[in-house]
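[1] fold the following for me, if possible:
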Amino acid sequence: MAESKPIKVCLTNKGEDTETPWAHDLGPAPNGSLAGSRLVRLVNVPFMHAKPTWGDAIIVSPAGGDRPLTWDRAGTPWKQISTRIVEDGGRWAMIVDYAPHKGTDGTKAFAELTAACQGQHVVCEGAWDPRNGEPGRAFFAVPKELSAEKLMDILRAARLPLDLIQIHPEPKKRETAPVSTGPAGTKKVKTGSVPVQKLATETSITVEAPTTRASKTTAKASPVPKPPAKPSNTSAAKPAPPNAKAPAKPAAKAAPAVKAAAKIAKAAKAAPAAKAGSKTASAKPLVKAAGRKPAKTTPSTKKPAKKK
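    Predicted coordinates for the structure are as follows:
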């Protein structure tokens, strides 16, 4: 089918991430599409959508008013995004920043970057130019058979008058740069072609590895806290003071017996017959119950009154 001149279309996701790339009109949309829909092929690298991208054929439909024909992702999950693309152009989106070398014009640097990309059948489009010491940004539509790592190696080997910083997908660590996983050893990250949507997952695996090793080490060290059991013996000994106080209670009960003995002794002193007489038999048990001698209990407290 012959391609016509480019037309403006709209890409959106429920009203968000809206942008208007160029596309070739391929004719009426297949049967079952909304009336007035068209089949188009994108000829731009969208900035807000990883898919569809340059070369993909999609259906765009009237959105009302004077708005351009629109493709609405409508919240479709990334894993199902292929269901919204009529024909996959075989490319994925990549983002890089480029910083021209000192004394190199930004426009010239970008032109050389574009030429290097074309040699690898990579579509390169600029988002913004370098300015005020900040790098410029470029969007690539990369053939599926070319990985991000391989492309970066090719572009850096081209000795371009600029430095490249990979933004998306997030660059993976090289195999020559091992990721430490603790005293048990190291783990190396494998290089190679990985689908764009899985790069973040692969990176997270290498981050989780140290945590796994650390948890195993902690599990082995768990018997060490046994020595703190000594304080538990001290805490177990705390009930001992109540047992020690238990013998003191009978002594408290004996106090009334001492008082009674004192009263009897006082009464005995008050009666002249008690002085001449021998020790009272009744007083002996009370003194014994108290566990003390009467001599030390009564004379020291109060002297008997003299007779007139």
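[2] what about the spatially closest residue to Met94 that is not a sequence neighbour, which helix or strand?
    Counting by CB to CB, 6 or more residues apart in numbering, the nearest residue to Met94 once its immediate chain neighbours are dropped is Phe140, at 4.1 Å. (Each C-beta comes from the backbone N, C-alpha and C, glycine too.) Counting by DSSP states H and E, the element that carries Phe140 is strand 136-143.
[3] ditto for Ile59
    Ile59 belongs to strand 57-60 when elements are defined using DSSP H and E.
[4] what helices or strands is that strand leaning on?
    Secondary-structure packing of strand 57-60 (3 or more CB pairs under 8 Å, 6 or more residues apart in numbering; DSSP states H and E): strand 22-28, strand 38-42, strand 70-72.
[5] low-confidence stretches in this protein?
    By pLDDT under 70, the low-scoring segments of the chain are 1-3, 173-308.
[6] that one: strands as residue ranges?
    With strands called from DSSP state E, the chain shows them at 6-8, 10-13, 16-19, 22-28, 38-42, 57-60, 70-72, 91-100, 123-128, 136-143, 162-168, 179-180, 186-187.
[7] and of the ones you listed, who's closest to Arg156?
    Arg156 sits nearest to strand 162-168 of all the strands of the chain, at 6.5 Å, using CB to CB.
[8] how far away is Pro171 from Arg84?
    29 Å (CB to CB, to the nearest Å).
[9] need the CA coordinates for stretch 79-91. CSV is fine.
    The C-alpha atoms that make up stretch 79-91 are tabulated as CSV, following Å, rounded to 0.1, in the frame of the first residue of the first chain:
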residue,chain,number,x,y,z
LYS,A,79,2.6,-6.6,28.7
GLN,A,80,-0.5,-6.3,26.6
ILE,A,81,0.5,-3.2,24.6
SER,A,82,1.1,-5.3,21.5
THR,A,83,-2.7,-5.9,21.3
ARG,A,84,-3.0,-2.1,20.5
ILE,A,85,-0.6,-2.2,17.6
VAL,A,86,-1.7,-3.5,14.2
GLU,A,87,1.8,-4.0,12.9
ASP,A,88,4.9,-3.9,15.0
GLY,A,89,7.8,-2.1,13.2
GLY,A,90,10.4,-4.1,15.1
ARG,A,91,11.9,-1.3,17.2
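[10] for it, buried residues please.
    Using 16 or more other CB atoms under 10 Å as the test for burial, stretch 79-91 gives Ile81, Arg84, Ile85, Val86, Asp88, Gly89, Arg91.
[11] distance of Asp72 from Ile7?
    17 Å.
[12] list the contacts of stretch 78-85.
    Stretch 78-85 is contacted from outside by Ala50, Lys51, Pro52, Asp56, Ala57, Ile58, Trp71, Arg73, Thr76, Asp88, Gln197, using CB atoms under 8 Å, 6 or more residues apart in numbering.
[13] out of the helices and strands packed on strand 57-60, deepest packed?
    Across the helices and strands packed on strand 57-60, averaging neighbours per residue (mean count of other CB atoms under 10 Å) puts strand 38-42 on top, at a mean of 23.
[14] same for that one, what does it pack against?
    Counting by 3+ CB pairs under 8 Å, 6+ apart, strand 38-42 packs on strand 22-28, strand 57-60.
[15] with distance to Asn13 added, can I get these in JSON lines?
    Listed next are those as JSON lines, based on distance: least, CB to CB, whole Å:
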{"stretch": "strand 22-28", "distance to Asn13": "17"}
{"stretch": "strand 57-60", "distance to Asn13": "13"}
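[16] which one of these lies closest to Phe110?
    With CB to CB, the closest approach to Phe110 among these belongs to strand 22-28: 19.3 Å.
[17] picking that back up, the strands of the chain into JSON lines, with extra columns for distance to Lys108?
    Listed next are the strands of the chain as JSON lines, based on distance: least, CB to CB, whole Å:
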{"stretch": "strand 6-8", "distance to Lys108": "27"}
{"stretch": "strand 10-13", "distance to Lys108": "31"}
{"stretch": "strand 16-19", "distance to Lys108": "28"}
{"stretch": "strand 22-28", "distance to Lys108": "25"}
{"stretch": "strand 38-42", "distance to Lys108": "28"}
{"stretch": "strand 57-60", "distance to Lys108": "35"}
{"stretch": "strand 70-72", "distance to Lys108": "36"}
{"stretch": "strand 91-100", "distance to Lys108": "8"}
{"stretch": "strand 123-128", "distance to Lys108": "13"}
{"stretch": "strand 136-143", "distance to Lys108": "12"}
{"stretch": "strand 162-168", "distance to Lys108": "9"}
{"stretch": "strand 179-180", "distance to Lys108": "39"}
{"stretch": "strand 186-187", "distance to Lys108": "43"}
